[in-house]
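Q: sequence below, structure please.
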Amino acid sequence: MRDLSRAIGYCRVSTQRQVTDGHGLERYIFRLKEFGLTDDNIYYDIESGDSETRAGYNRVLDLVRCRAVDTIIVPCFDRFTRSALGWEKARAELQEYNVELQFLDGGSLDLETPEGLFTSRILAAMAAQLRDKNKYNALQGAKYFREKKKIYQAIFGFVKVGETVEPNREEYRSTGKSHAAIAVEAIQIFISTGEIGGTIRKLVEKYGVERVSHLNYKDFPRDISAFKRWLLNPQLWGGICYYPTDSRRKIIVKSEHEGIISQSDHEEVLRLLKKPVGQRKKKRKNPLANIAICGVCGNRLEFHSYDRIVDDVKKSHQHLRCLGAYNKPGKPQVCDNRKYYRLEDAIAFACKHIQLASVEIAKRLDVESSPRRETIEILELKQQISQLKALNDPDLDPVIRSKEFKLSSAYGRLEIENQVQVGNVNYLEAIKGLFSLDKDWIFDIEIEELCVLFPELIESFVCSPPPEGKSPGGKYSKDSPGVFEVRLRT
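A: Numbers count the residues shown, from 1 in each chain. Next up is the predicted model:
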């Protein structure tokens, strides 16, 4: 039986990928434990073999200097070092403290003999030469891939086809949705919430915690760092990144492959990721701002929100309330209408009214439109809509309608900038077209789009207390939403 009381083990791999994909470090540690070493006596690094700042490597040399060990066991020589100069420094210390370097592959180095020293220097030179060769091959391969715009591997949402990638349209987990559609959904969730952890939780709750496969391109990342790397990858919009971990040589070029999101959406992702985590969450928005008024005094209604914990679950409450019903510095109370109107109820009522009035809106907007030139934003939105439609996924219809609304908004802004006489006719004409296709589309668009739409269509939104009045306690019933009236622009 071996006496390993004064022996330690050391191993290393060069990259994190060798840990997660190839399980190289795990295999080395397993072999050292099979040899008889314990976890406490095994040191390792995830770093290049020519680095002299490796934490585990330097801890081993510290133990040598303390005369705490007699034997260092490594899987093979290049797992200890790949630097000829680094070996000479380590060899001098091993000789000084009479420590043996032993290999799992068989044999050891006798550093007290000329033959042993010669052998060690040959091994060090070979390890350094192999390191240089690997580095050269990697550089040449990267240069070739960069010149030909070839892609190393696909990420989630894509599949490798030859030397490029394309959106993965295979069904994901018998959901009726493609891998690409799930990837787009994940990105949309992150953009709307700004939270990587929250996005992962929503996806896991919906599609399960177990991965489809160990292959990264087959499923969305389950940990925050991997999900962030996925979000940062320009492959999502049709780009390629070379040297992603080297800030000095990092290059992003346009590829020929089809992306699953637009470059502008990816820029929004990057903008969110640059913010501190606490600042990523979007501020709550009120589409009825400067439109909602009190039916009692005519004052503007202000947006009021708060969070409440119920059964360990945080619930958000958003309301409208009359500005004149509360004493403020320099502004005494002028109204006794302290009814809180749920913003959700008010928005739903406004959307329903616009839906019912869609025919009148369409008639009012039946005018000749002016010619429009297309900006970069418009071109990108059109491309994104085209790409989403190409996925042929019914679950993406609400997203497509939302993008179509953004497109119409972009046309409206363009006409205002150009001071076209008809103003925002084309913008509203696009809305008219959407109503003619689907009168329910207004219920699917995001709150940001409603913030643009409501001021264009609504002159005022009047909120009055419920007709039954206050309860004996002097408060309005929470069950009654109040009385709403929508006055459309003419």
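
Q: contacts only, for residue 467.
A: Going by CB atoms under 8 Å, 6 or more residues apart in numbering, residue 467 touches residue 483. Any C-beta I mention is one placed from the backbone N, CA and C, and that applies to glycine too.

Q: for residue 480, see how far away it is.
A: 9 Å (CB to CB, to the nearest Å).

Q: hmm, residue 193 is touching residue 199, no?
A: Yes: counting by CB atoms under 8 Å, residue 193 touches residue 199, with 6.2 Å between them.

Q: quick one, which of these two is more surrounded?
A: residue 199 (23 against 16; other CB atoms under 10 Å).

Q: mind checking the SS state of that one?
A: Secondary structure for residue 199, judged by DSSP: H, G, I helix; E, B strand; the rest coil, is helix.

Q: so what's it up against?
A: 186, 189, 190, 193, 227.

Q: what's the neighbour count on residue 167?
A: Neighbours of residue 167 (other CB under 10 Å): 22.

Q: and it, its phi and psi?
A: Dihedral angles of residue 167 (phi, psi; degrees, to the nearest 10) stand at phi -50, psi 130.

Q: could you report the distance from the nearest residue to it once chain neighbours are set aside to residue 277?
A: If the residues on either side of it in the chain are set aside, residue 167 comes closest to residue 180, at 3.9 Å by CB to CB, 6 or more residues apart in numbering. Applying CB to CB, the value for residue 180 to residue 277 is 28 Å.

Q: who has more neighbours, these two?
A: Set residue 180 next to residue 277 and count neighbours by other CB under 10 Å: residue 180 wins out with 28 against 12.

Q: that one touches residue 159, doesn't it?
A: No: under the criterion of CB under 8 Å, residue 180 is not in contact with residue 159, lying 9.1 Å apart.

Q: any common contacting residues for those two?
A: Contacts common to residue 180 and residue 159, judged by CB under 8 Å, 6+ apart, are 167, 168.

Q: tell me where the stretch 301-450 of the chain has strands.
A: 301-310, 313-322, 341-342 (DSSP state E, counting those that start in this stretch).

Q: just say which of those is most tucked in.
A: strand 341-342 (a mean of 21; mean count of other CB atoms under 10 Å).

Q: just name the shakiest helix or strand of the chain by mean pLDDT.
A: helix 425-437 (a mean of 55; mean pLDDT, DSSP states H and E).

Q: I figured residue 63 hits residue 7, correct?
A: No: the pair residue 63 / residue 7 is not scored as a contact, 10.7 Å apart, by CB under 8 Å.

Q: common neighbours of those two, please.
A: Joint contacts of residue 63 and residue 7 (CB under 8 Å, 6+ apart) are residue 69.

Q: list the helices and strands whichever strand or helix holds residue 89 packs on?
A: Using DSSP states H and E, residue 89 maps to helix 84-96. Packing partners of helix 84-96 (3 or more CB pairs under 8 Å, 6 or more residues apart in numbering; DSSP states H and E): helix 55-65, helix 114-148.

Q: where among these is average confidence lowest?
A: In terms of average pLDDT, helix 114-148 trails the rest of those, at a mean of 66.

Q: what's whichever helix or strand comes after that one in contact with?
A: Per DSSP H and E, the first helix or strand lying C-terminal to helix 114-148 is strand 158-161. Contact partners of strand 158-161, identified using CB under 8 Å, 6+ apart, comprise 151, 153-154, 165-168, 170, 179-180, 217, 235, 257, 260.

Q: and strand 158-161, which strands flank it?
A: Here strand 158-161 has these sheet partners by DSSP bridges: strand 164-167 (antiparallel).

Q: so which bits of the strand it pairs with are buried?
A: 164, 165, 167 (16 or more other CB atoms under 10 Å).

Q: ok, and what's touching stretch 39-59?
A: 4, 7-16, 18-19, 25, 28-29, 32-33, 60, 78-83, 86, 89, 127-128, 131.
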